[in-house]
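**Q** Build me a structure from this.
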Amino acid sequence: MKQRIPLIILIWLIADVYFFHAVKILTDNSAIATWIYWMIDVLLIGGIMLFMFIRSIGRNPAIISILMAGLLLSAVPKILALPVLLVEDIARLFLNFPPRQFWVSALAAVVAAIPFFSLLYGMIGGRHNYKVHRITLPFADLPEAFDGFTITQLSDIHSGSFSSKKGVEKGISLVNAQNSDLLLFTGDLVNNLASEMDPWIESFAKLKAKVGKYSVLGNHDYGSYSKWPSKKDEADNLARLKEVHKEIGFKLLLNQSVQIEKDSEKIALIGVENWGKGGFQKYGDLTKATANVDDSEFKILMSHDPSHWEAKTLEHEKHINLALAGHTHGMQFGIELFGFKWSPVKYVYEQWAGLYKRGEKYLYVNRGFGFIGFKGRVGIWPEITVITLKSI
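**A** Now for the predicted structure:
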């Protein structure tokens, strides 16, 4: 990330200089407006430099969040408004450069205002704007006793980012209101440290499900993104996090399976440790996790990273009917309107939000309950998934 910062700053400054021409016209070249405009840049660049070169600041999540929020609010609106100014300059090029038009600068300001206020809302209200996504999935091999069986999926809680107990409790109440048979959590309970859950254990222990609550680990849960004094400290942190899962009432599956029974019929619930493409941990062992699972059983897999589905799950010797993942957060930024779905994260993950199907196998990618880095959500809202299994 730090290696990319100079390029990000360069793009931002180019947009800044270009957009400033519109600001000058709209403010009649006001000295005060000019001073405020560039002082914001100076403060942001100064903060970014401190983040890059002072270790204590570079690891402070509150400072990182403030800098990210400031950079997004400053850069994104200006970049999106540039085409308006660019079209005017192309026209001016063919007209011997007449003065810039006030109305074009005003239009650029209006275009910039839309993403600015969208981002601002995302930081203030979007982070707890929970949405319940309901889907019914039909299966020919689902035991009849499980026809109508309901599963609530949560993912990516990232408790270290929370600051509003009221907002978190709102989400927990909405989860319990679904009254599902099974509650499954697909990883990333914390950002880095098990202690991040300390203020939230009582709240998340309130989560309810009629049959049971199960969980797996995500890439952040291992503490790999923190610098530890020793390997023992890192191992102790992970051990404590596993205890936290018990304290909030979840059975943590670590390359393991359990059988869920109803009316003398059973389905297999499988949980693997994190496995992700690229540089992410590859602790997940699907063969080990399914060792005690008969191939004829109906199977649900919890695997944090959706890239595991294509890389390992689809072609595995044992048929996995339904895989549940998270990890992407939908990048916490995008558009979902009238069936249209887009986020920049789609260029990184082919399966990044919602339902995917290959043959008779399904994958559902939850958009995440919490947030990290950017302390907000724009367009891609925090999700509570409710899946109803249907026997056909």
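**Q** Flag every buried residue along the helix or strand encompassing Phe51.
**A** Assigning secondary structure by DSSP states H and E places Phe51 in helix 31-53. Across helix 31-53, burial judged by 16 or more other C-beta atoms under 10 Å covers 37, 41, 44, 47-48, 51. All C-beta atoms are positioned from the backbone trio N, CA, C, and that covers glycine.
**Q** Ok, stretch 172-180 next?
**A** Buried, per 16+ other C-beta under 10 Å, within stretch 172-180: 172, 174-175, 178, 180.
**Q** any idea which of those is closest to Leu80?
**A** Using C-beta to C-beta, Leu174 comes nearest to Leu80 of the buried residues of stretch 172-180, at 32.5 Å.
**Q** nearest residue to that closest one other than its sequence neighbours?
**A** Tyr130 (5.4 Å; C-beta to C-beta, 6 or more residues apart in numbering).
**Q** List the contacts of the nearest residue to Leu254 once chain neighbours are set aside.
**A** Leaving aside its sequence neighbours, Leu254 sits nearest to Glu273 (C-beta to C-beta, 6+ apart; 5.7 Å). Contacts for Glu273 (C-beta atoms under 8 Å, 6 or more residues apart in numbering) come out as 216-217, 254-255, 281, 283-285.
**Q** Next, Glu273: phi, psi?
**A** Main-chain dihedrals, Glu273, degrees, to the nearest 10: phi -70, psi 170.
**Q** Name the member of the contacts of Glu273 with the shortest distance to Ser391.
**A** Nearest to Ser391, judged by C-beta to C-beta, of the contacts of Glu273 is Val216 at 25.9 Å.
**Q** So what's the residue count around the closest one?
**A** Around Val216 there are 33 other residues, counting by other C-beta atoms under 10 Å.
**Q** Quickly note the distance from it to Lys165.
**A** In this view, Val216 and Lys165 are 26 Å apart by C-beta to C-beta, to the nearest Å.
**Q** Go through the lengthiest helix in the chain and flag the buried ones.
**A** When the chain is parsed with DSSP state H, its longest helix is helix 61-93. Neighbour-count burial for helix 61-93, counted by 16+ other C-beta under 10 Å, picks out 63-65, 67-82, 84-85, 88.
**Q** Same check on stretch 215-233?
**A** Neighbour counts over stretch 215-233 (16+ other C-beta under 10 Å) mark 215-223 as buried.
**Q** Ok, stretch 326-344 next?
**A** Buried positions in stretch 326-344, judged by neighbour count with 16+ other C-beta under 10 Å: 326-334, 336, 341, 343.
**Q** Outside of it itself, list whatever touches it.
**A** With C-beta under 8 Å, 6+ apart as the test, stretch 326-344 has contacts from 122, 155-156, 186-188, 218-219, 276, 304-306, 345, 348-349, 352-354, 365-368, 371-374, 376-380.
**Q** same thing but at 6 Å, please
**A** 155-156, 186, 304-305, 345, 349, 352-353, 366-368, 371, 374, 377-380 (C-beta atoms under 6 Å, 6 or more residues apart in numbering).
**Q** Now do the end-to-end distance for it.
**A** End-to-end distance for stretch 326-344: 16 Å, by C-alpha to C-alpha, to the nearest Å.
**Q** Give me the distance between that stretch and the centre of its chain.
**A** A distance of 9 Å separates the centroid of the chain from that of stretch 326-344, by C-alpha atoms, centre = their mean, to the nearest Å.
**Q** quick one: the helices in this structure?
**A** In the chain, the helices defined using DSSP H lie at 5-26, 31-53, 55-58, 61-93, 102-124, 165-177, 201-204, 231-247, 286-289, 307-308.
**Q** These: lowest mean pLDDT?
**A** For the helices of the chain, mean pLDDT drops lowest on helix 55-58, to a mean of 59.
**Q** Report back the residue of this protein that's furthest from centre.
**A** The outermost residue of the chain, judged against the average C-alpha position, is Asn96 (48.9 Å), by C-alpha atoms, centre = their mean.
**Q** Could you report the distance from it to Ile392?
**A** Separation of Asn96 from Ile392 (C-beta to C-beta) stands at 71 Å.
**Q** Then Ala62?
**A** Applying C-beta to C-beta to Ala62 and Ile392 gives a distance of 51 Å.
**Q** Leu241 now?
**A** Distance, Leu241 to Ile392, by C-beta to C-beta: 40 Å.
**Q** cool, Pro382 as well?
**A** Applying C-beta to C-beta, the value for Pro382 to Ile392 is 32 Å.
**Q** Comparing these two, which shows the higher neighbour count?
**A** Shown here are Pro382 and Ile392; by other C-beta under 10 Å, Pro382 has more neighbours (27 against 8).
**Q** who touches the nearest residue to the more buried one once chain neighbours are set aside in this structure?
**A** Nearest residue to Pro382, sequence neighbours excluded (C-beta to C-beta, 6+ apart): Tyr130, at 5.0 Å. For Tyr130, the contact set (C-beta under 6 Å, 6+ apart) comprises 171, 174, 382, 384.
**Q** I'd like the buried residues of helix 31-53 as a markdown table, with distance to Ala268 appended.
**A** Listed next are the buried residues of helix 31-53 as a markdown table, based on distance: C-beta to C-beta, whole Å:
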| residue | distance to Ala268 |
| --- | --- |
| Tyr37 | 60 |
| Asp41 | 56 |
| Leu44 | 52 |
| Gly47 | 50 |
| Ile48 | 49 |
| Phe51 | 46 |
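**Q** Can you pick out the most distant pair from these?
**A** Farthest pair in these (C-beta to C-beta) is Tyr37 and Phe51. Separation: 22.1 Å.
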